[in-house]
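Chemist: Turn this into a model:
(4 chains)
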2 protein chains.
Amino acid sequence: MHHALSLTRFLPYRCNALARKISVSLSRIYTERFGITVAEWRVLVTLAEYGELQAKRVSELTNMDKVQVSRAVAAMQGRGLLQRRPCERDSRAALLCLSADGAELYRRIEPEVLAWEQSLLAPLAPAERDTLFALIDKLELQLAAMPETPALDNRDAP
Amino acid sequence: MHHALSLTRFLPYRCNALARKISVSLSRIYTERFGITVAEWRVLVTLAEYGELQAKRVSELTNMDKVQVSRAVAAMQGRGLLQRRPCERDSRAALLCLSADGAELYRRIEPEVLAWEQSLLAPLAPAERDTLFALIDKLELQLAAMPETPALDNRDAP
DNA sequence: GAGAACTGGTTGCTTTTGAAACCAGTTCTC
DNA sequence: GAGAACTGGTTTCAAAAGCAACCAGTTCTC
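Modeler: Model prediction:
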């Protein structure tokens, strides 16, 4: 049977497989050894990087669903890893930031995660790493520019 | 707060975000317009590419869990998209291949998916595409070579 | 300034997922 | 050749994800 689509050269497949393997391998570090879930880890990193944020913003920055963020935040607050204070500009929202314990936990996990990433990137020369991130940037940009439903967009006017 | 880990330059994060966006965008084509799930789509492509396979092999080729394959296959068989015949060498296993309907469905989806991929890859020059796949290859290779639990592996001998 | 339309965040509920138990058949080992 | 160890595949069950409904507060509109 003739076909142009081969899995080994099909970006959605390759990218998905890679992301999955990376995630599984990395998550072992914080899940097994520090007892936090993937969602919690993402919130942790984001707050460590940006300081004080609204849940909404965390959701945007991490590409997580807002309910996922909401639940992770609740769990982390329950464990004393983060604090929330009311936002004076908008009383619906709350501002989140890591507690001392949360920052400390992050401080312990970070070097291990970075070491793991270094070992993953080891076979790539510095220039190659730059290229990799540049390519990812381009693809994300293109994705954002692409129409939602190709060839179906112009059925009928809104 | 000083930290070396920035999300925009953290491969697990970037790769995951990219894969997710790609998957969501692409899956619109086959989910909304052809009514098959992501898992079914993967089985479809794999069988289209390789012809007749055991479920085990499909599972390896697609990096899907074996239960995911089992369920997708059951659903597809129910819809008449694939056939199974007993494997004479091993009576536990079954050999799967697309039915005429399945092949026809694939024939209709493939060009749309390829067109979508082309539009995604449009901003990359041919050489850049090669580079991208080469980098992914390297990373997957490295992942396979990395120890399961870094720095914990040598606790005690087996 | 009072309703409509909207938004941040949470909760409930259904669908999806994955781990582990399981079944049937195969291979290994003595 | 009979048991142990293993493997392909399905089922079961518990955790996780996602959708939609919802609440409370905000903004828009007339």
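Chemist: Closest to the centroid, which residue in chain A?
Modeler: Chain A has A:Thr62 as the residue nearest its centroid, 4.2 Å off, counting by C-alpha atoms, centre = their mean.
Chemist: quick one: low-confidence parts of chain A?
Modeler: For chain A, the stretches flagged by pLDDT under 70 are A:1-3, A:147-158.
Chemist: For chain B, what's the nearest residue on it?
Modeler: Chain A approaches chain B most closely through A:Ala19 (3.7 Å), counting by C-beta to the nearest C-beta. The C-beta positions use only the backbone N, C-alpha and C, and glycine is treated the same way.
Chemist: In terms of helices and strands, where is that residue?
Modeler: helix A:11-34 (DSSP states H and E).
Chemist: got the angle for that helix vs helix B:11-34?
Modeler: Angle between the axes of helix A:11-34 and helix B:11-34 is 130 degrees (criterion: axes from the mean of the first three to the mean of the last three C-alpha atoms, to 10 degrees).
Chemist: Can you work out which other helices and strands pack against helix A:11-34?
Modeler: helix A:38-50, helix A:100-121, helix B:11-34, helix B:100-121, helix B:126-145 (3 or more C-beta pairs under 8 Å, 6 or more residues apart in numbering or on different chains; DSSP states H and E).
Chemist: can you tell if it touches DNA strand D?
Modeler: No - Helix A:11-34 does not reach DNA strand D (C-beta under 7 Å from any atom of the strand); its nearest approach is 8.8 Å.
Chemist: the inter-axis angle of that helix versus helix B:126-145?
Modeler: Using the same axes, to 10 degrees: helix A:11-34 against helix B:126-145 is 30 degrees.
Chemist: Using neighbour counts, pick out the buried residues of helix A:11-34.
Modeler: A:11-19, A:21-23, A:25-26, A:29-30 (16 or more other C-beta atoms under 10 Å in any protein chain shown).
Chemist: ok, back up a step: can you tell me which of the helices and strands packed on helix A:11-34 is nearest to A:Ala93?
Modeler: With C-beta to C-beta as the measure, helix A:38-50 is the member of the helices and strands packed on helix A:11-34 nearest A:Ala93 (15.0 Å).
Chemist: Just confirm yes or no for the closest one near DNA strand C.
Modeler: No - using C-beta under 7 Å from any atom of the strand, no contact is recorded between helix A:38-50 and DNA strand C, whose separation bottoms out at 11.0 Å.
Chemist: what does that helix contact?
Modeler: Under the contact criterion C-beta atoms under 8 Å, 6 or more residues apart in numbering or on different chains, helix A:38-50 has outside partners A:23, A:27, A:30-31, A:36, A:53, A:57-58, A:61-62, A:64, A:68-69, A:71-73, A:75-76, A:81-82, A:96-98, A:102-103, A:105-106, A:109-110, B:1, B:3, B:5-7, B:10, B:13.
Chemist: for that helix, which positions count as buried?
Modeler: A:Val38, A:Ala39, A:Glu40, A:Trp41, A:Arg42, A:Val43, A:Leu44, A:Val45, A:Thr46, A:Leu47, A:Ala48, A:Glu49.
Chemist: No more questions from me, cheers.
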